[in-house]
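Peer 1: I would like the atomic coordinates for the input below:
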Amino acid sequence: MDSQIEIKRETEFYQGFIRLKMSVSNKASSVITDVTLDFLFENDLLRIDHYEPSYERRNGKILLGNINGGTSKSIAVYFDPLMCSRGTEIECQLNYKDAGGNRSTFFMEPKLISVVCPIIKTELDINVGRLKEFIEKLPSKDSKVYEIQHGFDISKLVSIAREIVEKHDFRHVRTLMTKDGRAWEIWYYGKTKVTKADIVIEVSISSEKQHIELFAATESAEALTGLLAEVGRDLKQGIESRASGKGNIINVTIKDSVVQRSNLLDLCSMDGICPVNILVEDSVIQQSTLISEKDTTGEELERKKPLSHENVPPQKPLFPPTAKKQESSSGKRILFFSLIFGLLLIGAVVMFPGSNGDSGNTPQEIQPVSINTTSQNTDEDTPEATAKTNIAQKTSPQIPDAYMNTVGMEFVKIPTGEFMMGSPSDESDRFDDEGPVHKVTIEESYYLSKYEVTQKQWLEVMGSNPSNFKGDDLPVEEVSWNDIQEFIEKLNEMEDTDKYRLPSEAEWEYACRADTTTEYYFGDSESQLGDYAWYHENSDFKTHPVGQKKPNFWGLYDMYGNVWECCQDRYHDDYDETSSDGSAWEDGNNSARVSRGGCWSDYAGSCRSARRGCDVPVSNNNVLGFRLLREI
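Peer 2: Predicted coordinates:
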């Protein structure tokens, strides 16, 4: 009877997992019923993280159900490697009933897999700018997340994590901590010995979730899988033996946990400047020196002290500093006389403007004098470093690419530019109010919130939660346009500013498109929409926590689906008289206000970049929410 069953399978490394793709075919003409899959493998080497589609699982077995004659069912099972191994087998026992009700068993041919951990040999340091470049360009990224169920001591966990990662020869780049000490990030850089592949490692620790997350980014899926397996195993064992006790740290399935949505590093600029509410400990490499691609083939860079920035207040180090040479009294004397000499030099220039060997009487332009206040000459005083220091002192502070406010809202900086607003007449699912297509110029950059405003954030400002679907990280809904204006007024008062407001319709569409001209910011086909949005086909008719789907190219999440997002504009049924500067169109007799993006109950056509909706300002329902704009 087994000849009527055929199993095809293949494995691949995918985002830190070993993905087993499997097809079960019924070659007979009659149906087979109660088909179950029982996977057999070494539990100390592998665990099943999740599988797709989401068949029912009972007593460790996956229930495929019935397979009609001449048809097949497929499944992808994601195995999480718990450590590196040269070879282990995955087996599968398939149980079913034939047309006569007789129970039968079929065994899949064992699949041999290996998880190879790359050898790390890191000879170069990098700075924050280069770190952010690597995170952006490295194609393979994923995380392991652990829940600490006992003995959560964040300072002890930070110490353990640093010791574990650094023993693998990764170089520390930066440690970031919120001022309240409840969230930490430790960033590292490394390079594989054989293939010379770049690697980024991050350990983030959250008191709120009592989670520790190990994030890795590298060039190959195979290396990523091995890295997470080896470093993750050591991290878990270290925490169990020194903090939580055995059995008190468990793996968390990432898709079920609101993690890795963002990080503190996003709030820091490319030159390493972070908001004042983030405490920083740098590596010893100088922040102003980026390692270019051509530098990564050769000598080890000399380690240098980080530059200070005038717009960042002095901060205490996060960890006790290593021993330093005390400044000598002779060094202080040199500094004192350097200052005196500099002042005398300035006086001489002012008093004798023509003493440059020029006997003429024409006044000479007084040039600014740069006084070196370094106590003594060191190897750090290279011409390149000095030039870059002078540039840093003369240039105005760069506006950070991200911003976080007092209630935890994260904002992304939207650049200036221009775009064509609306949809062409041949766009599928188009409505007449999406035209005519017209050019809009955004002359000033602005911050737009990375996620839709959550119920937790609304509650913190307003003191109540009106939402129908309850959950801290769910988008707030059942709020009207008028309610949102009251929220904005209170938030501005809390932060003593007037910079928060709703985006205009043009600002919303400009940020949504993110330099794209297609129907969706990922292309013209709706086939990928489920990767980016919660909508009719995948929402289970409810909202979902913000930030679980993929962002657009400017790092904004849930611009499609989940909830409609209110804009400042009054609704008009075309763009005939709209302005071209991106400002809100608030003239007219129609009281309805524009909303954008579609929601959890909408079909794909309502989740296009150009799609418009509207509600009267007193209307509230469970499909309407918002995100905020903050002026710069």
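Peer 1: Adjacent strands (with direction) for the longest strand seen in the chain?
Peer 2: Counting by DSSP state E, the longest strand found in the chain is strand 85-97. Sheet pairing of strand 85-97 (DSSP bridges) gives strand 32-40 (antiparallel), strand 103-107 (antiparallel), strand 111-115 (antiparallel).
Peer 1: quick one, phi psi at E185?
Peer 2: Main-chain dihedrals, E185, degrees, to the nearest 10: phi -140, psi 140.
Peer 1: same check, this time on K167
Peer 2: phi -70, psi -20.
Peer 1: Which of the residues in stretch 88-96 are classified as buried?
Peer 2: Residues 88, 90, 92, 94, 96 are the ones in stretch 88-96 that count as buried (16 or more other C-beta atoms under 10 Å). Quick note: C-beta positions are derived from backbone N, CA and C, even for glycine.
Peer 1: Give me the contact list for that stretch.
Peer 2: Contacts to stretch 88-96, defined as C-beta atoms under 8 Å, 6 or more residues apart in numbering, come from residues 5, 7, 9, 11, 20, 22, 24, 32-42, 45-46, 61, 67, 79, 103-108, 110-114.
Peer 1: From the residues you listed, list the buried ones, please.
Peer 2: 5, 7, 9, 11, 20, 22, 24, 32, 35-37, 39, 41, 45-46, 67, 79, 106, 108, 111, 113.
Peer 1: Which parts of the stretch 451-600 of the chain are helices?
Peer 2: Counting by DSSP state H, counting those that start in this stretch, the segments of the stretch 451-600 of the chain that form helices are 455-462, 481-494, 505-513, 529-532.
Peer 1: The chain now?
Peer 2: 128-137, 154-166, 221-239, 329-351, 383-394, 455-462, 481-494, 505-513, 529-532 (DSSP state H).
Peer 1: Considering those helices, which stretch scores lowest in mean pLDDT?
Peer 2: Of all the helices of the chain, mean pLDDT reaches its minimum on helix 383-394 (a mean of 32).
Peer 1: quick one: contacts for L37?
Peer 2: Taking C-beta under 8 Å, 6+ apart, one finds 22, 24, 61-62, 64, 75, 92-94 in contact with L37.
Peer 1: could you redo the last one with a cut-off of 7 Å?
Peer 2: Going by C-beta atoms under 7 Å, 6 or more residues apart in numbering, L37 touches 61-62, 64, 92, 94.
Peer 1: farthest pair in these?
Peer 2: Pairwise distances across the contacts of L37 peak at 11.4 Å for L64 and C92 (criterion: C-beta to C-beta).
Peer 1: Run through who's touching stretch 513-533.
Peer 2: 419-420, 427-428, 512, 535, 537-538, 549-550, 552-554, 560-561, 604, 607-609.
Peer 1: Report the buried members of those residues.
Peer 2: 419, 427, 512, 535, 549, 552, 554, 560-561, 604, 607-609.
Peer 1: mind giving me TSV with the buried residues of stretch 88-96 and columns for distance to A161?
Peer 2: Listed next are the buried residues of stretch 88-96 as TSV, based on distance: C-beta to C-beta, whole Å:
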residue	distance to A161
T88	27
I90	31
C92	36
L94	42
Y96	47
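Peer 1: Sort these by pLDDT and name the bottom one.
Peer 2: Lowest pLDDT among the buried residues of stretch 88-96: T88, 84.
Peer 1: ok, now how distant is that one from L45?
Peer 2: 5 Å (C-beta to C-beta, to the nearest Å).
Peer 1: Any regions of the stretch 351-500 of the chain where pLDDT drops low?
Peer 2: Confidence mapping of the stretch 351-500 of the chain against pLDDT under 70 gives the ranges 351-398.
Peer 1: Let me see the ranges of the strands in it.
Peer 2: 402-404, 410-414, 417-421, 438-442, 446-449, 500-501 (DSSP state E, counting those that start in this stretch).
Peer 1: Return the most buried member of these.
Peer 2: Neighbour counts (mean count of other C-beta atoms under 10 Å) averaged over each of these peak at strand 446-449, with a mean of 24.
Peer 1: correct me, but V231 touches V165?
Peer 2: Yes: under the criterion of C-beta atoms under 7 Å, V231 makes contact with V165 at 6.5 Å.
Peer 1: ok so, going back, among the contacts of stretch 513-533, which are in strands?
Peer 2: Those of these lying in strands (DSSP E): 419-420.
Peer 1: Throw the contacts of L37 into a markdown table and include distance to F626, thanks.
Peer 2: Converted to a markdown table, these look like this (distance: C-beta to C-beta, whole Å):
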| residue | distance to F626 |
| --- | --- |
| K61 | 45 |
| I62 | 41 |
| L64 | 43 |
| C92 | 48 |
| L94 | 50 |
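Peer 1: Looking at the residues you listed, spot the one nearest E136.
Peer 2: I62 (37.1 Å).
Peer 1: about what we covered before: out of the buried ones among the contacts of stretch 513-533, who's nearest Y447?
Peer 2: Using C-beta to C-beta, W554 is the member of the buried ones among the contacts of stretch 513-533 that lies nearest Y447, at 11.5 Å.
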